[in-house]
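**Q** Using only what follows, build the 3D model:
(chains A and B)
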Amino acid sequence: DTAVSQTPKYLVTQMGNDKSIKCEQNLGHDTMYWYKQDSKKFLKIMFSYNNKELIINETVPNRFSPKSPDKAHLNLHINSLELGDSAVYFCASSQSLARRSEQFFGPGTRLTVL
Amino acid sequence: GQNIDQPTEMTATEGAIVQINCTYQTSGFNGLFWYQQHAGEAPTFLSYNVLDGLEEKGRFSSFLSRSKGYSYLLLKELQMKDSASYLCAVRDSGAGSYQLTFGKGTKLSVIP
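**A** Okay, here's the model as predicted:
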């Protein structure tokens, strides 16, 4: 069984389109995250959700919006896609915010904006 | 904010030992993590340090000195499969966010 899963694995789309990436974890974790990894492999936090509440919102454009229907899911919606949004997006989860909780990452979604 | 520094690339020989250093600056230190990321794959957890000292886990060990803002990851008996990027990440408790900030990663190449 996959612990953290994301769909789709690859996403190719045109500038200006709206797209969504889904994430699910079956670990019973309380906290979920979205990261962006750019072409230089720099992994940067975008959002965190703890018990369905947004607790971190980094300086990402408001075209990006996380949606959590329940504790096991954290989806990422992106409006009006731009060329600079091309990257690999990783979903992750952890048991809690603090303590020793390591984060478990999904396989990533490679987004290409043409 | 945080500043995390680690070497961009390293090369080591199969069977040898390699040490990957990480220095950081943070206002609310709450733990340091090391992750391994193979090309085209997701990062996977290797180690966690929150107190000073050495944590050993099989062939991998991680060291932390909070006063120096310094950590290292030690890989022993290197194998070809250890070729990957190694990411140092620091957790900050500032504003209750417990944000994890990653360094840019060290790409390790293990050669025969």
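
**Q** Name the residue closest to the centre of chain A, please.
**A** Nearest to the geometric centre of chain A sits A:Trp34, at 2.9 Å (Cα atoms, centre = their mean).

**Q** can you pull up the bridge partners for that one?
**A** A:Phe47, A:Cys91 (DSSP bridges).

**Q** give me the beta-bridge partners of the residue lying closest to B:Met80 once chain neighbours are set aside?
**A** Counting by Cβ to Cβ, 6 or more residues apart in numbering or on different chains, B:Met80 lies nearest to B:Val110, which is 5.4 Å off, once chain neighbours are set aside. C-beta: built from backbone N, CA, C; applies to glycine. On the basis of DSSP bridges, B:Val110 takes part in beta bridges with B:Ala12.

**Q** What separation do you get for B:Val110 and B:Glu56?
**A** To B:Glu56, B:Val110 is 20 Å away according to Cβ to Cβ, to the nearest Å.

**Q** more neighbours, those two?
**A** B:Val110 (20 against 12; other Cβ atoms under 10 Å in any protein chain shown).

**Q** isn't that one right next to B:Glu77, touching?
**A** No. With contact defined as Cβ atoms under 8 Å, B:Val110 does not reach B:Glu77; the gap is 10.8 Å.

**Q** which element is A:Ser65 on?
**A** Assigned by DSSP states H and E, A:Ser65 belongs to strand A:64-70.

**Q** by contact count, what packs against that strand?
**A** In this structure, strand A:64-70 packs against strand A:43-50, strand A:73-78, with contacts taken as 3 or more Cβ pairs under 8 Å, 6 or more residues apart in numbering or on different chains; DSSP states H and E.

**Q** Tell me which other helices or strands the longest one touches.
**A** In terms of contacts (3+ Cβ pairs under 8 Å, 6+ apart), strand A:43-50 is packed against strand A:31-37, strand A:53-57, strand A:64-70, strand A:73-78, strand B:99-102.

**Q** repeat that with 7 Å
**A** When contacts are defined as 3 or more Cβ pairs under 7 Å, 6 or more residues apart in numbering or on different chains; DSSP states H and E, strand A:43-50 packs onto strand A:31-37, strand A:53-57, strand A:64-70, strand B:99-102.

**Q** which regions of the chain sit below the pLDDT cut-off?
**A** Here I'm looking at chain A. Low-confidence segments of chain A, defined by pLDDT under 70, span residues A:1, A:52, A:56-58, A:98-100.

**Q** Oops, wrong one, chain B.
**A** The model of chain B has pLDDT under 70 over residues B:1-2, B:95-97.

**Q** For it, just list every one of the strands.
**A** Per DSSP state E, chain B carries strands over the ranges B:3-5, B:9-13, B:18-25, B:29-37, B:44-49, B:53-57, B:60-65, B:70-75, B:84-92, B:99-102, B:106-111.
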